[in-house]
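In: build me a model:
(one chain, ligands or ions: 2)
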Amino acid sequence: MSRPVKQNFIRPSHIEGFPVGPQFTAGHLADTNAGWRTFRPVVNHDTCIYCLRCYLVCPDGTIFKDNGKIAVDYDYCKGCGVCAHECPKNAIEMVKEQL
Ligand code: SF4
Ligand code: SF4
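Out: Ligands and ions are numbered 1, 2, ... in the order given. Below is the predicted model of the structure:
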């Protein structure tokens, strides 16, 4: 799966042109993380059951499948921790960034 690509937001001319839902497909993200994230989500692939709940709740659409495993695009993840909070298997740990 290809990584999200930064795109300038172009306001749709009709409401049907706006993306909907809790997260967007790759390509709608406005900008890369500028380095202010304090914690990053790390997936434990031994306990992950691939339910994709983290993918559904991520507000920035940064979770994707890479070779059948859950992965996070850290260029866009803001470290909010929603994915870790909502994971039914506690398979995501928020690890402090090394600054
Ligand atoms: S929510 Fe947890 S168990 Fe489900 S796919 Fe994400 S990391 Fe895996
Ligand atoms: S920490 Fe927030 S932005 Fe990063 S992957 Fe999890 S839900 Fe998405």
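
In: what about stretch 81-90, near ligand 1?
Out: Yes - shown here: stretch 81-90 in contact with ligand 1 (C-beta under 6 Å from any ligand atom) through 87, 89. Quick note: C-beta positions are derived from backbone N, CA and C, even for glycine.

In: what comes into contact with that stretch?
Out: Stretch 81-90 is contacted from outside by 39, 41, 47-49, 51, 53-54, 57-59, 63, 72, 92-94, using C-beta atoms under 8 Å, 6 or more residues apart in numbering.

In: of all these, which comes closest to ligand 2?
Out: C58 (3.3 Å; C-beta to the nearest ligand atom).

In: kindly provide the distance from Q7 to T32.
Out: Distance, Q7 to T32, using C-beta to C-beta, to the nearest Å: 12 Å.

In: list the contacts of the residue nearest the centre of the chain.
Out: Taking C-alpha atoms, centre = their mean, the centroid of the chain lies closest to T62, which sits 2.3 Å from it. By C-beta under 8 Å, 6+ apart, the contact list for T62 reads 4, 29, 72-74, 76-77.

In: just the closest of these to ligand 2, please.
Out: Using C-beta to the nearest ligand atom, C77 comes nearest to ligand 2 of these, at 3.2 Å.

In: of the contacts of T62, which are in range of ligand 2?
Out: For ligand 2, the contacts drawn from the contacts of T62 by C-beta under 6 Å from any ligand atom are 72, 77.

In: derive a ChimeraX selection command for the buried subset of the contacts of T62.
Out: Applying 16 or more other C-beta atoms under 10 Å to the contacts of T62, the buried members can be selected in ChimeraX as follows:
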select :4,29,72,73,76,77
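
In: return the item of the contacts of T62 having minimum pLDDT.
Out: Confidence by pLDDT is poorest for L29 among the contacts of T62, given 58.

In: if we can go back for a sec, mark which of the contacts of stretch 81-90 are buried, thanks.
Out: 39, 41, 48, 54, 57-58, 63, 72, 92, 94.

In: redo these as JSON lines? Include distance to C83.
Out: Output for the buried ones among the contacts of stretch 81-90, formatted as JSON lines (distance: C-beta to C-beta, whole Å):
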{"residue": "F39", "distance to C83": "11"}
{"residue": "P41", "distance to C83": "5"}
{"residue": "C48", "distance to C83": "11"}
{"residue": "C54", "distance to C83": "4"}
{"residue": "V57", "distance to C83": "6"}
{"residue": "C58", "distance to C83": "5"}
{"residue": "I63", "distance to C83": "6"}
{"residue": "V72", "distance to C83": "8"}
{"residue": "I92", "distance to C83": "5"}
{"residue": "M94", "distance to C83": "9"}
